[in-house]
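Asks: Pasted the sequence and its predicted model underneath.
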Amino acid sequence: MAADRLVEALRALCKDLEVPTPRAHGIDKDEWFRLSPLMAEQALASGSPANNPVVPTVNEIQDLYAQIYA
């Protein structure tokens with residue numbers, strides 16, 4: 001329940017701050033999805049995901065990229 005509230009609050013904050021999506025930046029959808037496996041691999045290689053309590057898989061990162069394209 002707390003995690004759901006956090007997600008709702010973050011979505012509201014992004015809307016209030018008018019944080020643009022990749023689509024709003026003019027990034028082509030097909031190109032975004034074509035490159036998402038590479039972006040996910042590079043994200044893991046950067047070491048940043050290891051700072052989280054649960055390290056995501058490449059597929060989980062790709063799922064996140066798919067969700068944020070909107």
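Replies: Received, thanks.
Asks: Tell me the pLDDT of L64.
Replies: pLDDT, L64: 93.
Asks: Who are the contact partners of it?
Replies: By C-beta atoms under 8 Å, 6 or more residues apart in numbering, the residues touching L64 are P56. From N, CA and C alone the C-beta is placed, and that goes for glycine too.
Asks: packing partners for the longest helix seen in the chain?
Replies: In terms of residue count, the longest helix belonging to the chain (DSSP state H) is helix 29-46. Contacts defined by 3 or more C-beta pairs under 8 Å, 6 or more residues apart in numbering; DSSP states H and E place helix 29-46 against helix 58-69.
Asks: in this protein, which segments are predicted with low confidence?
Replies: By pLDDT under 70, the chain has no low-scoring segment.
Asks: Output the longest helix of the chain as CSV, restricted to C-alpha atoms.
Replies: Extracted C-alpha coordinates of helix 29-46, given in CSV (Å, rounded to 0.1, in the frame of the first residue of the first chain):
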residue,chain,number,x,y,z
LYS,A,29,9.1,4.5,-30.7
ASP,A,30,10.5,1.8,-32.9
GLU,A,31,14.1,3.1,-32.3
TRP,A,32,13.4,3.3,-28.5
PHE,A,33,12.3,-0.4,-28.4
ARG,A,34,15.0,-1.5,-30.7
LEU,A,35,17.7,0.0,-28.5
SER,A,36,16.1,-0.9,-25.1
PRO,A,37,18.0,-4.2,-24.8
LEU,A,38,21.3,-2.4,-25.2
MET,A,39,20.2,0.4,-22.9
ALA,A,40,19.2,-2.1,-20.2
GLU,A,41,22.6,-4.0,-20.6
GLN,A,42,24.4,-0.7,-20.3
ALA,A,43,22.4,0.3,-17.2
LEU,A,44,23.4,-2.9,-15.5
ALA,A,45,27.0,-2.5,-16.6
SER,A,46,27.1,1.0,-15.1
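Asks: Tell me how far it lies from the chain's centre.
Replies: Its chain's C-alpha centre and that of helix 29-46 lie 10 Å apart, by C-alpha atoms, centre = their mean, to the nearest Å.
Asks: ok, and what's touching stretch 52-59?
Replies: P37, A40, E41, L44, P49, L64.
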